[in-house]
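*Asks:* Return a 3D structure for these sequence lines:
(chains A, B, C and D)
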Protein chains: 4
Amino acid sequence: MANGDIVLGANQYGKAECRLVRITRDTAVHEIEDLNVTSQLRGDFEACHTEGDNSQVVATDTQKNTVYAYAKEHGIGSPEKFLLTLGQHFVDDFAWVSGGRWEAQQYAWERITADGKPHDHSFVRKGQETRTAVVQIDGDETYVVAGLTDLTVLKSTGSEFHGFPRDRYTTLQGTDDRILATALTAWWRYAPTDTAIADLDFNALYESIKAVLLETFSAVHSLALQQTLFAMGKAVLEAFPDVAELKFSMPNKHHFLVDLSPFGLDNPNEVFFAADRTYGLIQATVQREGASEAPQAWATIPGFC
Amino acid sequence: MANGDIVLGANQYGKAECRLVRITRDTAVHEIEDLNVTSQLRGDFEACHTEGDNSQVVATDTQKNTVYAYAKEHGIGSPEKFLLTLGQHFVDDFAWVSGGRWEAQQYAWERITADGKPHDHSFVRKGQETRTAVVQIDGDETYVVAGLTDLTVLKSTGSEFHGFPRDRYTTLQGTDDRILATALTAWWRYAPTDTAIADLDFNALYESIKAVLLETFSAVHSLALQQTLFAMGKAVLEAFPDVAELKFSMPNKHHFLVDLSPFGLDNPNEVFFAADRTYGLIQATVQREGASEAPQAWATIPGFC
Amino acid sequence: MANGDIVLGANQYGKAECRLVRITRDTAVHEIEDLNVTSQLRGDFEACHTEGDNSQVVATDTQKNTVYAYAKEHGIGSPEKFLLTLGQHFVDDFAWVSGGRWEAQQYAWERITADGKPHDHSFVRKGQETRTAVVQIDGDETYVVAGLTDLTVLKSTGSEFHGFPRDRYTTLQGTDDRILATALTAWWRYAPTDTAIADLDFNALYESIKAVLLETFSAVHSLALQQTLFAMGKAVLEAFPDVAELKFSMPNKHHFLVDLSPFGLDNPNEVFFAADRTYGLIQATVQREGASEAPQAWATIPGFC
Amino acid sequence: MANGDIVLGANQYGKAECRLVRITRDTAVHEIEDLNVTSQLRGDFEACHTEGDNSQVVATDTQKNTVYAYAKEHGIGSPEKFLLTLGQHFVDDFAWVSGGRWEAQQYAWERITADGKPHDHSFVRKGQETRTAVVQIDGDETYVVAGLTDLTVLKSTGSEFHGFPRDRYTTLQGTDDRILATALTAWWRYAPTDTAIADLDFNALYESIKAVLLETFSAVHSLALQQTLFAMGKAVLEAFPDVAELKFSMPNKHHFLVDLSPFGLDNPNEVFFAADRTYGLIQATVQREGASEAPQAWATIPGFC
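*Replies:* Numbers count the residues shown, from 1 in each chain, chains lettered A, B, ... in the order given. From the prediction side, this is the model:
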């Protein structure tokens, strides 16, 4: 393998983590949108790598400026819609830009209650999960993957784990009642059949999908975290035809029952030690049989199989 | 200053960050309490430092075991109450332990909604502020300082800053309309006059004080973050006679208005860049005139003046 | 896309972040190896997901036990070698395990100097970059990708950036002298032609490749971070025939020259503000022309294109 | 306690975490100084808090500008010297500023080796401990407290722990051979008797004190982490007459011997699990007998007793 010229392979570049807060203040009742936006371009950037020729390098500073200018010119609406508009601009306006990757995290805020009613312009950060979105354009293809991360959930009962194989290195005992907890990361790919992707109501879909994920986590009597994961994916696919597939990453956040017997105390699933590391890590894809796959849509989503 | 024997000064030791989850499951409707507990003892521990004599060193492992055993034997109730009970045990049961410091963070959870009602045993972490408590015992004195950290709030208008002095190094222009945002850390010291401190309803007080802090942040038309801070402290002291004083640490999380004029766009307080560092940092105490001070209560609260 | 059964797609599971410290103490001069190991299996785990049938689920706890037992039975040697041995065990010993992913971070330590010489058993954590390794087995294929992360480097001169295209959103001025700084993440895939992959001297290769990366960063007079990146990859491929390709992720850690002119001071590239966010982000692959690609080797490396 | 007016207590404000990189480029061999500077003022700021009157509020933005301008005008030299100069400016130039607190972290860099010799202007971040300094001015008093944080050290033998008292909650067994590891935070207060404090060679002192701390950690056969801590403080005080006292915070980073007996393996102190939480936490002061104390110097050092 040691012969042959050395060449540039796949590449992308841009400006990362543009912290963007957009206030809508058309009336006295303000709205807030709070995002962290990354823009990266793909295309013909070989001369920059091999010769330091920047004549086609849309500066990362320019990409950042465009993010803020577009927030004014086009508004946000939803992270998915904002990224679609932003990405299309770069692909359309620079001949050598064939595609790219645009990502956002969004942080939710809620109004502070004052004098018994929601305040017009004072907000407290909700602080629960972070909403995520990745838009990729690759020539004529556009991929939209939405998701959330760090949604921490726990069931204090309704979870078992037993029946696993035993080998020389197995010491774990099965249990028919344990705490099940995870900090959910989920991604789902939108692929509507009846509408243009840009016409989806991304905000409404996000809230509904989050609700289904939470409700299914609650409802499943779990024999394995894998089973809970699959049920959550299945429930979303059944309820939302515009979702083609989901990927989940679920740490099994172990809550170990503390052995209180040395102190003459029983512990009927009441007192737990919540461990940091090590932790289980369950990752899987749930999809529709026979549906077309889109590996390119997932290529840069961190850490999934 | 270089002569004289070298001696041990103030010291404390113990077990830090015992992650403790307590499930109350007397009925099918479970309750969850989620804490991070640190126990540290003070007293006669000189021989350990100077000679490695551990005969009076209550092992940090023993302190950890006691945390978990007490969670079973006494329940939690509130972080303040739990720490008071825990601390009193060490002071009462070991002759050479004259006091100590016991700290907890508490993480809030809320029930997941399933089938339109709150689920019995499935929870999602609320994820907003972290509740904090520090109990110190020093001989006959007991100090209870409660608080919260990382409560991120923002006003999209109703904040000005101008009229400050100008010197050679001043470039900032005053403004009569800016975003005001902070990640609030607040601590308050309980000192009831009519009741024993252990009889306070710490959970109800916590919720009420948090509500007053949020409401006052909203209500104040702010000429300086310092003014908002003082008003928040004043409102709490006026409403809660059992609170003796408060200390605040408020980063001024700058939201810089983006200059869109190079792109032919105006920006009437709509598009902001949210900066990480550098940030303003405002810290102050608000107290009752003539009230007795308690420097020992504050000595180990991180970073305050 | 809404019809069709809902099925399980790609999946993997295991135990993450097993913190493993291995002391070799055959003589009075101890050696330390400090790793963070993740083991994940792939194969036929469908019944667990769809029915909660754990009869083929090698418990994540068993995987953890195996990590620690193998550290005793086989030693570490290098993260790559340890993961190869570990992974082969799971594939060989469980019929339904067809492959998996094994990852490690390694933290370097150096001996403390005491009495003018390196101490036998006292160490200080080196604290520079983290060494990384990912081994994947997929049927008969074995992929070894090694790397490093958070190697922070800076040139105080010898870096220019100009000649980029200008559009409506461009405000950046070119410069012929700037600070260039990055926190390097690099991954390289080993694909030896003359030896079995397990016979590579991974530790010696790691140190040599790190040295080439650092030296090339220093030597290149940079017209763009992309140019530096490509030169670094090229230098490694030229020097190490057993490396098939590299992927880099390089944040452009901006150091902004502070405008001191309002204070009557010039600033000839002396005083800089080091920004956190936003930052440039440059990612690219460097490879040998015509070499066979191995997308599966890279599928789970976080965040690359 | 509920009566009395509500008043402002102790307070300070300023600009935090000014990331400052200073390049000295008088010759082709550049030097780099990399700091994180916080400036906070104390004095008469009551009207700002109570009325929003900013006429005495030296803007935090002005404080930031001054940090960068002073880096140009006066250079850095050492964090202590830089903070002394900076602080004196605010106290001298604003009548109502009676004191303040100035803090810095410093990050060390080393030259990259290229062509077998240290490069003129290319650096790699050393990445070990962070150097720290806090200067406080209070009227005529000036306090300089220097230190370091996150210096992670480990002994693979030469550490015992036994002989501790046993009560109902004690389960720990004593050991005569364990791993001892900590991430050292140390602070020391300079109080020279023969020289003005500003004339100390802070950089040389820092390197020498760090060396003594490391060497003493290595040399002590430890019966308790407390014993190691005290010996480290004693060694510094004996060697450096300009140091008046030290405070240490030492997490006992537990490395648990893994029980391999279920797998038919012994484990003679070879394979360990490095735990994150819970951890021991040992904090103590070491000082000269009869020396004057300086509680004000320590009031804002986080987390100490």
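*Asks:* Could you list the contact residues of the stretch 51-200 of chain A toward chain B?
*Replies:* Residues of the stretch 51-200 of chain A lying close to chain B (C-beta under 8 Å from any C-beta of the partner chain) are A:65, A:68-69, A:71-73, A:109, A:112-115, A:119, A:121-129, A:150-158, A:179. Quick note: C-beta positions are derived from backbone N, CA and C, even for glycine.
*Asks:* What's the PyMOL line that selects buried ones from the residues you listed?
*Replies:* To isolate in PyMOL the members of these that are buried, counting by 16 or more other C-beta atoms under 10 Å in any protein chain shown, one can use:
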select buried, chain A and resi 65+68+69+71+72+109+112+114+119+121+122+123+124+125+127+128+129+151+152+153+154+155+156+157+158+179
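*Asks:* filter the residues of the stretch 51-200 of chain A next to chain B by proximity to chain C?
*Replies:* A:Asn65, A:Ala69.
*Asks:* mind listing which of the residues of the stretch 51-200 of chain A next to chain B are in strands?
*Replies:* When these are checked against strands using DSSP state E, the ones located there are A:109, A:112-114, A:119, A:121-125, A:150-155.
*Asks:* can you tell me which of those residues lies nearest to chain C?
*Replies:* A:Lys155 (14.4 Å; C-beta to the nearest C-beta).
*Asks:* and that closest one, bridged to which residues?
*Replies:* Beta bridges link A:Lys155 to A:Leu180, B:Ser122 when assigned by DSSP bridges.
*Asks:* Show the contacting residues for it.
*Replies:* Contact analysis of A:Lys155 by C-beta atoms under 8 Å, 6 or more residues apart in numbering or on different chains lists A:Ile179, A:Leu180, A:Ala181, A:Phe217, A:Ser218, A:Ser222, B:His121, B:Ser122, B:Phe123.
*Asks:* who in the stretch 151-300 of chain A is up against chain D?
*Replies:* Checking the stretch 151-300 of chain A against chain D by C-beta under 8 Å from any C-beta, the hits are A:Arg168, A:Tyr169, A:Thr171, A:Pro262, A:Phe263, A:Gly264, A:Asp276, A:Arg277.
*Asks:* before we move on, back to that, determine which two of the ones in strands among the residues of the stretch 51-200 of chain A next to chain B are furthest apart.
*Replies:* Using C-beta to C-beta, the two most remote members of these are A:His121 and A:Lys155, lying 38.5 Å apart.
*Asks:* For A:Asn269, grab the count of nearby residues.
*Replies:* Taking other C-beta atoms under 10 Å in any protein chain shown as the criterion, the count of residues near A:Asn269 is 16.
*Asks:* do A:Asp44 as well
*Replies:* Neighbours of A:Asp44 (other C-beta under 10 Å): 12.
*Asks:* And the one 5 residues further on, by the same measure?
*Replies:* Around A:His49 sit 26 other residues, with neighbours defined as other C-beta under 10 Å.
*Asks:* show me what contacts it?
*Replies:* Shown in contact with A:His49 (C-beta under 8 Å, 6+ apart): A:Leu8, A:Asn11, C:Ala224, C:Gln226, C:Gln227, C:Leu229, C:Phe230, C:Ala284.
*Asks:* Report all helices and strands that the strand or helix carrying the first one contacts.
*Replies:* Counting by DSSP states H and E, the element that carries A:Leu8 is strand A:6-24. Helices and strands touching strand A:6-24, as assessed by 3 or more C-beta pairs under 8 Å, 6 or more residues apart in numbering or on different chains; DSSP states H and E, comprise strand A:31-43, helix A:46-51, helix A:60-73, strand A:97-107, strand B:271-274, helix C:225-239, strand C:243-252, strand C:279-288.
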